[in-house]
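K.L.:
Quick one, structure for this:
(one chain, ligands or ions: 2)
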Amino acid sequence: MQIRIRKDWEIGEKEATSEVDYFNRRRFLKAAGLSAGALLGGSVLNGATGGFPSRANALFAGKGLEQTPYDLVTGYNNFYEFSYDKSGPAKLANKGWKTEPWMLEVGGLVDAPFKMDVNELIKKLGGIEQRVYRFRCVEAWSMVIPWDGFELSKLIKLASPKSEAKYVTFTTFLDPESAPGQKGGSIDWPYVEGLTIEEANNELSFLATGIFGKPIPNQNGAPIRLVVPWKYGFKSIKSIVRIDFVKERPLNTWQALQPREYGFYANVNPEVDHPRWSQATERIIGGGFFSGRKDTLMFNGYSDQVAGMYKGLNLRRNF
Ligand SMILES: Nc1nc2c(c(=O)[nH]1)N[C@H]1C(S)=C(S)[C@@H](COP(=O)(O)O)O[C@H]1N2
Ligand SMILES: [Mo]
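P.N.:
Ligands and ions are numbered 1, 2, ... in the order given. Sure thing, here's the model as predicted:
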């Protein structure tokens, strides 16, 4: 019999027990040279302070959606730069990692490349708004989160891409001293994601600098992260330092890691299962034991806004 130690992202939702979390935490602490006690230090939330209070966008008020409690949104995270354990990022991303000031560089096939402080960028783009979106992880859990930030299309307009630009690449920071997860593991750091230019210009594509009307906590991807609510959560890349407009489709981090399981599009689709678990339903984080599961919706409930972009595309093959 073959014994194989699987990574967290290879574990099905049903199998993701507290033992697994405990094992991962211990393994992580060992790798980082830390003891459990080292995690008990104070935590300070840093983030871009610009633009608050945000204006609620009535078109994305999240009518009928029940928001996930703040403590769960900020305490149950995937952020492999810091931890393979859901409760790890809240502690480890707040132990001296500085997310303000923060420069964002925008380049590639554009007429107007720029490198700008995130707070300056917020000012330049006319401030921030709030949108309530569903959020569905490929691991089959979901949340509803009020994000503060601005539409990605505004930044695209500012950069003015050339007609040869067909895709947009997003890159996370690289700083193994601050993010101990980047000292090892299977991921080829830094974490990279991509969208087609049409997807990036879709009205739903959002750059978040806050949640719940406050600066975004480090563990949620301070000071600026992507939010693409019709796609699995791994597309919503955190703590972005570079955005590049490119000709060729980029190889995103999860596709590079497990190409049979994670593709480029990663559109939420209840009819296309993950090779190792069903995507037909999802566990609502904070939903409780009895009312805590629901059917997953095509494109995570955003078909009206996004289905047109995938006409003629085989969604089973282009998963
Ligand atoms: N840089 C970076 N971005 C990332 C991740 C990550 O590990 N590193 N995890 C992704 C995954 S799998 C999910 S589900 C979401 C989680 O976002 P949240 O912790 O704010 O809920 O972030 C995504 N963005
Ligand atoms: Mo995820």
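K.L.:
Apart from its chain neighbours, what residue comes closest to the closest residue to ligand 2 within the stretch 151-300 of the chain?
P.N.:
Residue of the stretch 151-300 of the chain nearest ligand 2, by Cβ to the ion: Gly233 (3.5 Å). Every C-beta, even on glycine, is put in place using the N, C-alpha and C of the backbone. The shortest distance from Gly233 to any non-neighbouring residue, by Cβ to Cβ, 6 or more residues apart in numbering, is to Cys137 (4.0 Å).
K.L.:
My guess is the residue of the stretch 151-300 of the chain closest to ligand 2 contacts Phe135. True?
P.N.:
Yes. Using Cβ atoms under 8 Å, Gly233 makes contact with Phe135 at a distance of 6.1 Å.
K.L.:
which bits of this structure sit near ligand 1?
P.N.:
Contact residues (Cβ under 6 Å from any ligand atom) of the chain with ligand 1: 77-81, 137, 172, 191, 220-221, 233-234, 236-239.
K.L.:
Quick check, central residue of the protein?
P.N.:
Nearest to the mean C-alpha position of the chain, counting by Cα atoms, centre = their mean, stands Ser236 at 2.9 Å.
K.L.:
confidence score at it?
P.N.:
Listed pLDDT for Ser236 reads 99.
K.L.:
same deal with Lys30?
P.N.:
The model reports Lys30 with a pLDDT of 49.
K.L.:
Tell me where the protein is predicted with low confidence.
P.N.:
For the chain, the stretches with pLDDT under 70 are 1-49.
K.L.:
rerun at 80
P.N.:
For the chain, residues meeting the criterion pLDDT under 80 lie at 1-49, 289-291.
K.L.:
could you show me where the helices are in this structure, in order?
P.N.:
In the chain, the segments counted as helices under DSSP state H are 18-32, 70-73, 88-92, 118-124, 152-159, 197-201, 253-257, 303-306.
K.L.:
what's the most buried one of these?
P.N.:
Counting by mean count of other Cβ atoms under 10 Å, helix 88-92 has the highest mean neighbour count of those, with a mean of 25.
K.L.:
What is that one packed up against?
P.N.:
Applying 3 or more Cβ pairs under 8 Å, 6 or more residues apart in numbering; DSSP states H and E, we find helix 88-92 packed against helix 18-32.
K.L.:
okay, the helices of the chain in a markdown table with distance to ligand 2 next?
P.N.:
Converted to a markdown table, those look like this (distance: least, Cβ to the ion, whole Å):
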| stretch | distance to ligand 2 |
| --- | --- |
| helix 18-32 | 15 |
| helix 70-73 | 14 |
| helix 88-92 | 12 |
| helix 118-124 | 24 |
| helix 152-159 | 19 |
| helix 197-201 | 18 |
| helix 253-257 | 9 |
| helix 303-306 | 19 |
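K.L.:
got CSV for the ones you listed, with distance to Thr281 too?
P.N.:
Listed next are the helices of the chain as CSV, based on distance: least, Cβ to Cβ, whole Å:
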stretch, distance to Thr281
helix 18-32, 21
helix 70-73, 19
helix 88-92, 26
helix 118-124, 37
helix 152-159, 29
helix 197-201, 25
helix 253-257, 22
helix 303-306, 18
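K.L.:
And these: which comes nearest Val228?
P.N.:
Val228 lies closest to helix 197-201 among the helices of the chain, at 7.2 Å (Cβ to Cβ).
K.L.:
can you list contacts of the closest one?
P.N.:
The contact list for helix 197-201, computed with Cβ atoms under 8 Å, 6 or more residues apart in numbering, reads 152-153, 156, 161, 165-168, 205, 228, 245, 306, 309.
K.L.:
Next up, the contacts around Pro146.
P.N.:
Applying Cβ under 8 Å, 6+ apart to Pro146 gives the contacts Gly62, Gln67, Gln130, Arg131, Val132, Ile211, Phe212, Gly213.
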